[in-house]
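**Q** structure for this input, please:
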Amino acid sequence: MNLFKGVYNKLLDYYGPQGWWPIIKEIDGDLKSYYDLNNSLKVSSEEEKLEICIGAILTQNTTWKNAERALINLKRNNLLSVKKLEKLEKEKLAEIIKASGYYNQKAKKIKKFIKFLKSNKEINRENLLEVWGIGPETVDCILLYAYNRPYFVIDAYTKRIFNRLGVCSQKIDYHKLQSQFQQNIERDTYIYKEYHALIVKHCKDYCKKSPKCGKCPIRDYCKN
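**A** Numbering: from 1, shown residues only. This next block holds a predicted model:
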């Protein structure tokens with residue numbers, strides 16, 4: 001078994017399924033992120049697909065908690081539709097998503113993304129990368145979690161862990177590290193969804209900037 005598969009199996013065994021991407025739902029009378037642990041590969045409704053896409057933009061350069069607050073505001077205002085977001089003034093949108101930070105830029109990005117959806121261009125990686133403000137990580141989140149397409153998502157957490165495992169530099173090119181994952185793990189959408197989520201979970205719990213190595217479930221692989 002190669003290192004990439006070994007790390008995935010260890011993390012999944014330790015943490016269990018993460019059920020990403022979360023959808024905002026009413027839980028106990030309040031709107032919250034809902035993680036469907038039993039159905040990561042569900043076919044999402046068009047509204048849920050859009051919510052995942054908008055969430056991927058909102059979570060840029062911030063925590064999920066802040067992105068969640070912005071999504072909840074959109075949900076409360078009944079704005080999670082292409083038609084309504086198209087009509088909404090950019091300034092008003094920025095005010096509604098303020099909790100996510102960089103809200104003026106993100107409002108512009110969302111408007112550009114909605115314009116792309118309205119263009120009826122094919123939803124693929126090449127076309128999405130042409131949308132202003134949406135880079136490889138956001139595009140791959142959209143394709144993987146909203147459209148169930150097997151693109152492995154690379155983020156700063158992925159680079160941190162695999163740098164400490166001796167695989168790469170933290171400055172490695174996005175696509176170079178992505179290629180290593182996709183060459184060493186079968187193109188399985190479920191695995192890609194869970195693996196990315198497990199990496200995020202592990203970096204929050206153990207593989208922090210100042211790591212907690214003592215009880216780390218993948219310490220046997222670590223070169224740090």
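**Q** in the chain, which spans are helices?
**A** Taking DSSP state H as the criterion, the chain carries its helices at 3-15, 46-58, 64-76, 82-87, 90-96, 103-118, 125-128, 136-141, 156-164, 174-184, 189-205.
**Q** from Tyr103, how far out is the closest residue to Arg76 other than its chain neighbours?
**A** Sequence neighbours aside, Leu31 is the residue nearest to Arg76 in space, at 6.9 Å (criterion: Cβ to Cβ, 6 or more residues apart in numbering). To be clear about C-beta, it is placed using only N, CA and C from the backbone, and glycine gets the same treatment. Counting by Cβ to Cβ, to the nearest Å, the gap from Leu31 to Tyr103 is 19 Å.
**Q** spell out which residues make up each domain of this protein.
**A** Listed by the TED database, the domain ranges of the chain are 1-17+151-223, 44-147.
**Q** next one, pLDDT for the residue nearest to Arg76 please.
**A** The model reports Leu31 with a pLDDT of 94.
**Q** likewise for Leu128?
**A** Each residue has a pLDDT score; the one for Leu128 is 99.
**Q** for burial, what's the neighbour tally of the residue nearest to it when sequence neighbours are not counted?
**A** Excluding its sequence neighbours, the residue lying closest to Leu128 (Cβ to Cβ, 6+ apart) is Val139, at 4.4 Å. The local packing of Val139 (other Cβ atoms under 10 Å) involves 22 other residues.
**Q** out of the helices of the chain, the one nearest Ile218 is which?
**A** If you check each of those against Ile218 by Cβ to Cβ, helix 3-15 wins as the nearest, at 5.0 Å.
**Q** give me the mean pLDDT for that closest one.
**A** Per-residue pLDDT values over helix 3-15 give a mean of 98.
**Q** now do it: which elements does it pack against?
**A** helix 174-184, helix 189-205 (3 or more Cβ pairs under 8 Å, 6 or more residues apart in numbering; DSSP states H and E).
**Q** so which of those helices is nearest Ile161?
**A** Taking Cβ to Cβ, helix 189-205 is the member of the helices and strands packed on helix 3-15 nearest to Ile161, at 6.0 Å.
**Q** how about that closest one, which residues are buried there?
**A** For helix 189-205, a neighbour-count test (16 or more other Cβ atoms under 10 Å) marks 189, 191-203 as buried.
**Q** what sits against the residue nearest the centre of the chain?
**A** The C-alpha lying nearest the average C-alpha coordinate of the chain belongs to Cys141 (Cα atoms, centre = their mean; 4.6 Å). Applying Cβ atoms under 8 Å, 6 or more residues apart in numbering, we find Cys141 in contact with 21, 52, 56, 153.
**Q** and for Ala94?
**A** The neighbourhood of Ala94, defined by Cβ under 8 Å, 6+ apart, consists of 103-104, 106-107.
**Q** over to Gln170?
**A** Under the criterion of Cβ under 8 Å, 6+ apart, the neighbours of Gln170 are 159-160, 163.
**Q** rerun at 10 Å
**A** Contacts of Gln170 were listed using Cβ atoms under 10 Å, 6 or more residues apart in numbering, and they are 156, 158-160, 162-164.
**Q** just the buried ones from those residues?
**A** Applying a neighbour-count criterion of 16+ other Cβ under 10 Å, the buried members of those are 158-160, 162-164.
**Q** possible to save the residues you listed as a markdown table with distance to Lys112 and pLDDT?
**A** Rendered in a markdown table, the data for those read as follows (distance: Cβ to Cβ, whole Å; pLDDT from 0 to 100):
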| residue | distance to Lys112 | pLDDT |
| --- | --- | --- |
| Thr158 | 26 | 99 |
| Lys159 | 27 | 98 |
| Arg160 | 30 | 98 |
| Phe162 | 32 | 98 |
| Asn163 | 33 | 97 |
| Arg164 | 36 | 96 |
